[in-house]
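Chemist: task: produce atomic coordinates for the following.
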Amino acid sequence: MHTPEIFIAYAPHGAGLRCAVAYLSAGHDVFGWYTGPRPDTQLASRCFLLEDYYTRRETRYESVDLADLHSAWPLEEARRHELARMQEMFAREWLYHPDDARAAAEQQAYEDAELAAGGPVGVRFERLGKFSRLQPNWTYYTPHFEQAVLQRLAKHWPLEFRPDYEPAPSA
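Modeler: Below is the predicted model of the structure:
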């Protein structure tokens with residue numbers, strides 16, 4: 001499996017996780033997964049395809065709920081399986097849910113640090129040391145994460161988070 005590009009925004013004194021994005025590139029396309037709260041505070045978790053992203057043709061955006069990853073949508077079957085593995089690995093390494101076995105320890109670490117941990121999904125506390133803390137939203141992104149991909153996704157996604165500024169480089 002290829003190494004995904006990652007972006008995470010976290011509000012330490014507000015909502016907690018704002019958004020998490022992981023994607024892969026193949027040929028002319030970008031495909032991946034994002035999650036975060038919608039304006040109604042419900043959690044969105046969607047897989048996406050930016051078809052023809054690396055061409056001069058118009059980029060086509062498609063998305064499906066994570067639960068519908070293997071339904072009828074334009075992403076090839078092999079890429080669906082790669083996306084499922086990538087999403088599972090990324091979520092396991094970076095995120096936690098209230099029903100996870102480690103959730104109580106995660107919540108306690110956030111309480112001890114007096115940081116926000118609320119919501120249906122959170123960032124693993126041990127990962128916060130990798131985040132840039134120069135903005136009100138702490139951010140982490142991999143060295144080759146393309147800001148233009150985030151901007152393109154934000155035009156379409158149902159998340160409350162809008163990337164209005166360039167995130168500072170992560171430590």
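
Chemist: now residue 13: closest residue in space that isn't a chain neighbour?
Modeler: Among residues not flanking residue 13 along the chain, residue 116 sits closest, at 6.1 Å (CB to CB, 6 or more residues apart in numbering). For glycine as for every other residue, the C-beta is placed from the backbone atoms N, C-alpha and C.

Chemist: correct me, but the one you found touches residue 14?
Modeler: Yes: in this structure, residue 116 is within contact of residue 14 by CB atoms under 8 Å, at 5.8 Å.

Chemist: who has more neighbours out of those two?
Modeler: residue 116 (17 against 11; other CB atoms under 10 Å).

Chemist: how about the CA coordinates for the longest helix anywhere in the chain, as PDB?
Modeler: Scanning the chain for the helix with the most residues, using DSSP state H, yields helix 77-94. Extracted C-alpha coordinates of helix 77-94, given in PDB (Å, rounded to 0.1, in the frame of the first residue of the first chain):
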ATOM      1  CA  GLU A  77     -12.600  -2.000  -7.200                       C
ATOM      2  CA  ALA A  78      -8.800  -2.400  -6.500                       C
ATOM      3  CA  ARG A  79      -8.600   1.200  -5.400                       C
ATOM      4  CA  ARG A  80     -11.700   0.700  -3.200                       C
ATOM      5  CA  HIS A  81      -9.800  -2.000  -1.300                       C
ATOM      6  CA  GLU A  82      -6.700   0.100  -1.100                       C
ATOM      7  CA  LEU A  83      -8.800   3.000   0.200                       C
ATOM      8  CA  ALA A  84     -10.500   0.800   2.800                       C
ATOM      9  CA  ARG A  85      -7.100  -0.400   4.100                       C
ATOM     10  CA  MET A  86      -5.700   3.100   4.100                       C
ATOM     11  CA  GLN A  87      -8.700   4.500   6.000                       C
ATOM     12  CA  GLU A  88      -8.600   1.700   8.600                       C
ATOM     13  CA  MET A  89      -4.900   2.200   9.200                       C
ATOM     14  CA  PHE A  90      -5.100   6.000   9.400                       C
ATOM     15  CA  ALA A  91      -8.100   5.900  11.800                       C
ATOM     16  CA  ARG A  92      -6.400   3.300  14.000                       C
ATOM     17  CA  GLU A  93      -3.100   5.300  14.200                       C
ATOM     18  CA  TRP A  94      -4.500   8.800  14.500                       C
END
